[in-house]
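Novice: I'll drop the sequence and a predicted model, then ask my questions.
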Amino acid sequence: MFVKQKLETEEYCYFCLTNISVMDLNFNKNEDYNKLLVRELNKRFARVKLGGGTSKITKEHTKGKLTARERIDYLLDPKSKSIEIGAFAGDKMYESHGGCPSGGVVVKIGYIKEKQCIVVANDATVKAGAWFPITAKKNLRAQEIAIENKLPIIYLVDSAGVYLPLQDEIFPDKEHFGRIFRNNAQMSSMGITQISAIMGSCVAGGAYLPIMSDEAIIVDKTASIFLAGSYLVKAAIGESIDNETLGGATTHCEISGVTDYKAKNDTDALDKIRSIMDKIGDFDKAGFNKQTPKNPKENPEELFGILPKSRADQYDMYEIIKRLVDDSEFEEYKEDYGKTIITAYARIDGWAVGIVTNQRKLVKTASGEMQFGGVIYNDSADKATRFIANCNQKKIPLVFIQDVTGFMVGSKSEHSGIIKDGAKMVNAVSNSVVPKFTIIIGNSYGAGNYAMCGKAYDPRLIVAWPSAELAVMSGNSAAKVLLQIEKASLKKTGETLTPEKEAELFDEIKARYDDQVSPYYAAARLWTDAIIDPTDTRDWISMGIEAANHAPIKKVFNMGVTQV
């Protein structure tokens, strides 16, 4: 007990004759907590990978079909890296409809015959591959990635079409189902390769997606494609016909000419895709700078101990950077100015990058003023703006690492023009022409989310660590604000809250808000592309820049009205 007290209250444990500091103890506590978050992430992902469940997977196998994930695994080069987009899409969003794991579609960026591409596979174990609203949003996100990066896109089609009970949320609007086909046409005009394999049902409007691709493969006997199935044909025009004769592989490869290749089974169809990809020519490159990759000198596993358990605690962001960049080396821009934002040039897996991140410890300015870590002040906003402009000038991709509570408030900041300085930073982020990548490792609150390249500012990829929180403000702050509003409302009616009732109401509001700031809540709605293990961060950034290198920059950076 004596030793425990010494460790918790003094800097060093002289009793133990070793330099075991309070920081070491905090490191261990942080490490345990953050590794538990990753274990929870892995458990959730394991559940998601089952799609509609083991019984549905068995049913697909009995039909001689592979599942969506099995198809992608077979298609991608063995032992090559891949990253999955939107694994938690739809999480807890459609429980009254039986759920929609991964939005009923699996999306991965990977390599086929050593060519980077994006693969989209309907998961027939989830409502027969029917499209929920989030399914459309996820498909559109996959197409957006293909368009931005000029990446070949492969569709593995196996879908019953629109999920009718929710048709009003997926059918007519601009970002709904029809946008998919519009994007097919746009990508075709842009010269982006699109290949489809029809590997199951493909009906109604969904039939346009594979046929608007450059080439279409159909699997014999297990796949079909038509605008209306046999039952609807009977009801509409009185014709009696079976689905295979109406729209099977033989019909479309030998009679209609709708499809280009007939495959014997799933693996044969996937082999044909690999063969087509093998013959595609090289691509024009953006020309981002890359050298031989080097691992960080500092151990990336230490990220778990450096990042604090509490989102309110301070820590040194330099220690995070050292475990993400090659050789743990970086060149800092304006090191002694605007210290609550760190701007630095570095390399990640060999790629040159410009890093913009929030310093999360209390810093001291030249005038002796103390500034809170994680808050954007006038000078830090100014520095970030200038650095972003420099990276655009030098054609260096930007990496934003977010742990931000927002911009500084109060009379001093307002009188110094914090709104104007913040607007300049937002302007620079908005008009940036180099690819941007966003990693949310902690807080992502309010306008800080925007200035640090949140989803609304078109990062090529945006991912969160399990420790991330996304909201207008923290659950604690939001609960206090909402409680004050509730108390003021009751006061007008002459009512008051007892201390017990006030505490109960506070806890109720906070619990509800805390659920909404969870990274899983954000990932379910595709506000982020993924929740990742912190030690996978380098892979995501590297593959993202490699994808972006397919798309030469044709715009010139211009700040517009708000000048630097």
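Specialist: Yep, that arrived.
Novice: So which residues of the stretch 151-300 of the chain form strands?
Specialist: Using DSSP state E, counting those that start in this stretch, the strands assigned to the stretch 151-300 of the chain run over residues 153-159, 194-203, 215-219, 224-226, 261-263.
Novice: Counting neighbours, which bits of the last one end up buried?
Specialist: It refers to strand 261-263. 261-263 (16 or more other C-beta atoms under 10 Å). Glycine gets a C-beta too; all of them are placed from N, C-alpha and C.
Novice: what about the longest helix in the chain?
Specialist: Longest helix of the chain, by residue count under DSSP state H: helix 22-48.
Novice: pretty sure residue 89 contacts residue 102?
Specialist: Yes - the criterion here is C-beta atoms under 8 Å, and residue 89 meets it with residue 102 at 5.8 Å.
Novice: tell me, what's touching those two both at once?
Specialist: Common contacts of residue 89 and residue 102, defined by C-beta atoms under 8 Å, 6 or more residues apart in numbering, comprise residue 138.
Novice: Shouldn't residue 106 be within a strand?
Specialist: Yes - applying DSSP: H, G, I helix; E, B strand; the rest coil, one finds residue 106 inside a strand.
Novice: coming back round to it: packing partners of the longest helix of the chain?
Specialist: Packing contacts for helix 22-48, counted by 3 or more C-beta pairs under 8 Å, 6 or more residues apart in numbering; DSSP states H and E, involve helix 2-9, helix 303-306.
Novice: worst average pLDDT in those?
Specialist: Ranked by mean pLDDT, these end with helix 2-9 at the bottom, a mean of 32.
Novice: isn't residue 246 right up against residue 232?
Specialist: No - Residue 246 lies out of contact with residue 232 (C-beta under 8 Å); the separation is 10.2 Å.
Novice: Of these two, give the one with the bigger neighbour count.
Specialist: residue 246 (17 against 13; other C-beta atoms under 10 Å).
Novice: so how far is residue 239 from that one?
Specialist: 9 Å (C-beta to C-beta, to the nearest Å).
Novice: what touches both of those two?
Specialist: Joint contacts of residue 246 and residue 239 (C-beta under 8 Å, 6+ apart) are residue 233.
Novice: Near residue 168, how many other residues are there?
Specialist: For residue 168, the count of nearby residues is 11 (other C-beta under 10 Å).
Novice: typed the wrong thing, it's residue 220
Specialist: Residues near residue 220, counting by other C-beta under 10 Å, number 16.
Novice: Now it: closest residue in space that isn't a chain neighbour?
Specialist: In space, and not counting its chain neighbours, residue 220 is closest to residue 249: 4.1 Å by C-beta to C-beta, 6 or more residues apart in numbering.
Novice: wait, what's in contact with that neighbour?
Specialist: By C-beta under 8 Å, 6+ apart, residue 249 lies in contact with 218-221, 223, 259, 262-263.
Novice: Quick check: residue 497 is in a helix.
Specialist: No - applying three-state DSSP, one finds residue 497 to be coil, outside a helix.
Novice: my guess is it contacts residue 487, does it?
Specialist: Yes - between residue 497 and residue 487 there is a contact under C-beta under 8 Å: 6.1 Å.
Novice: In this structure residue 389 contacts residue 428, no?
Specialist: Yes - if you go by C-beta under 8 Å, residue 389 and residue 428 touch, sitting 6.0 Å apart.
Novice: Spit out the contact partners of residue 483.
Specialist: Counting by C-beta under 8 Å, 6+ apart, residue 483 makes contact with 502, 505-506, 509.
Novice: 6 Å instead?
Specialist: Taking C-beta atoms under 6 Å, 6 or more residues apart in numbering, we find residue 483 in contact with residue 506.
Novice: name the element it belongs to?
Specialist: With secondary structure defined by DSSP states H and E, residue 483 is part of helix 475-492.
Novice: next SSE after that helix?
Specialist: Following helix 475-492 in sequence order, the next helix or strand is helix 499-517 (DSSP H and E).
Novice: residues of that next one that come out buried?
Specialist: Of the residues in helix 499-517, 505-506, 509-510, 513-514, 517 count as buried by neighbour count, 16+ other C-beta under 10 Å.
Novice: Same check on stretch 539-549?
Specialist: Neighbour-count burial for stretch 539-549 [16+ other C-beta under 10 Å]: 539-549.
Novice: same deal with stretch 227-239?
Specialist: So, applying 16+ other C-beta under 10 Å, buried residues of stretch 227-239: 228-230, 233.
Novice: same deal with stretch 196-205?
Specialist: 196-204.
Novice: Neighbour count: residue 389 and residue 428, which is higher?
Specialist: Legend: neighbour count by other C-beta under 10 Å for residue 389 and residue 428, higher for residue 428 (26 against 18).
Novice: was I right about the more buried one contacting residue 387?
Specialist: No - contact between residue 428 and residue 387 fails when scored by C-beta atoms under 6 Å: they sit 8.7 Å apart.
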